[in-house]
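>>> Show me the folded form of this:
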Amino acid sequence: MNTVVRPAAREVDIDSLVETLRKRMADGNKLPAERMLCEQLNVNRHTLRKALIRMRASGELASSAPRRHTALARGGAALARDTNPLEVIELRLALEPILARLAALRATPLEIARIEKAATTLAETESSSADLTFHRLIAQATRNTLAADLYALLRQIGADARIYVQNVKPRPPARLRQRDSEHHLIAAAIAARDPDGAEKAMRAHLHMVQSQILDRISLNPAGSTPD
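Now for the predicted structure:
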């Protein structure tokens, strides 16, 4: 019986390993699981993890934290039964201005570039999806994994069909342009490393969202989709 002998894992410089991983990602390939990547590159897992941590810290790789979002989503389904859209926006008003402030202080240049790009809703992008992407990028740029996870849970609750308030009027194009303008003000403050400006711009934007929700509720007294 032949035994396959694997070569011993080689010692590599972290900078060199990071560059190798960047080249793989530049080709549009997703990085495989750590164990497989160690075998492919013939490096030990400890060294690989150091390289991955560095790339996550610079914003080149998504945080590994989203694996916990499945558990959070299950909790969100239960929470959605006992809340309403006004409570969700009130909590967003309490949380998101602080997230914008932290992002202005901590976001990497790459994260700032992504936030600035997401501030504009592209023609081919669904409006609510574009909005969620913009706000999630800010939460992730806080460098606070717990805050990003809590924000993901809050938005999952807000999107639950049991509390979602239907918009009985078509969204006017002017409102979409206004929303993008509000997003751009937030992004500009974050890019300028202006925490006070970022917090103020985010609060003003969410007050506008709150006003829209109140308007929809007044036009649709049923409030939400039946359970």
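>>> So which residue is dead centre in this protein?
R136 (2.6 Å; C-alpha atoms, centre = their mean).
>>> Next one: that residue from K117, what distance?
According to C-beta to C-beta, to the nearest Å, R136 and K117 sit 13 Å apart. From N, CA and C alone the C-beta is placed, and that goes for glycine too.
>>> shaky segments in this protein?
For the chain, residues meeting the criterion pLDDT under 70 lie at 1-11, 27-28, 59, 62-77, 124-125, 161-172, 218-227.
>>> and the longest helix seen in it, what does it pack onto?
Counting by DSSP state H, the longest helix found in the chain is helix 195-219. Other elements packing on helix 195-219 under the criterion 3 or more C-beta pairs under 8 Å, 6 or more residues apart in numbering; DSSP states H and E are helix 85-106, helix 173-191.
>>> Quickly list the domain ranges of this structure.
The chain breaks down into these domains under automatic domain parsing: 14-57, 67-219.
>>> neighbours around the closest residue to I190 other than its chain neighbours, how many?
Among residues not flanking I190 along the chain, A104 sits closest, at 4.6 Å (C-beta to C-beta, 6 or more residues apart in numbering). When neighbours are defined as other C-beta atoms under 10 Å, A104 has 26 of them.
>>> Repeat that for I157.
Count around I157 with other C-beta under 10 Å applied: 24.
>>> To which secondary structure element is it assigned?
Using DSSP states H and E, I157 maps to helix 145-158.
>>> can you pull the buried residues of that helix?
Under the neighbour-count criterion of 16 or more other C-beta atoms under 10 Å, helix 145-158 has 147-158 buried.
>>> Pipe these into TSV and attach distance to P97 per row.
As requested, the buried residues of helix 145-158 are exported to TSV (distance: C-beta to C-beta, whole Å):
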residue	distance to P97
A147	12
A148	16
D149	18
L150	14
Y151	12
A152	18
L153	18
L154	14
R155	16
Q156	20
I157	19
G158	17
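>>> out of the residues you listed, which one sits closest to M202?
Checking these against M202 with C-beta to C-beta, the nearest one is Y151 at 12.1 Å.
>>> I'd like the distance between the closest one and E116.
Y151 is 19 Å from E116, by C-beta to C-beta.
>>> pretty sure A80 contacts I157?
Yes - using C-beta atoms under 8 Å, A80 makes contact with I157 at a distance of 4.9 Å.
>>> Tell me which residues touch R35, please.
R45 (C-beta atoms under 8 Å, 6 or more residues apart in numbering).
>>> In which helix or strand does it reside?
helix 34-41.
>>> How far away from the center of its chain is that helix?
28 Å (C-alpha atoms, centre = their mean, to the nearest Å).
>>> Give me the buried positions along the next helix-or-strand element following that helix.
The C-terminal neighbour of helix 34-41 among helices and strands, as given by DSSP H and E, is helix 45-57. By 16+ other C-beta under 10 Å, the buried positions in helix 45-57 come out as 47-48, 51-52, 54-55.
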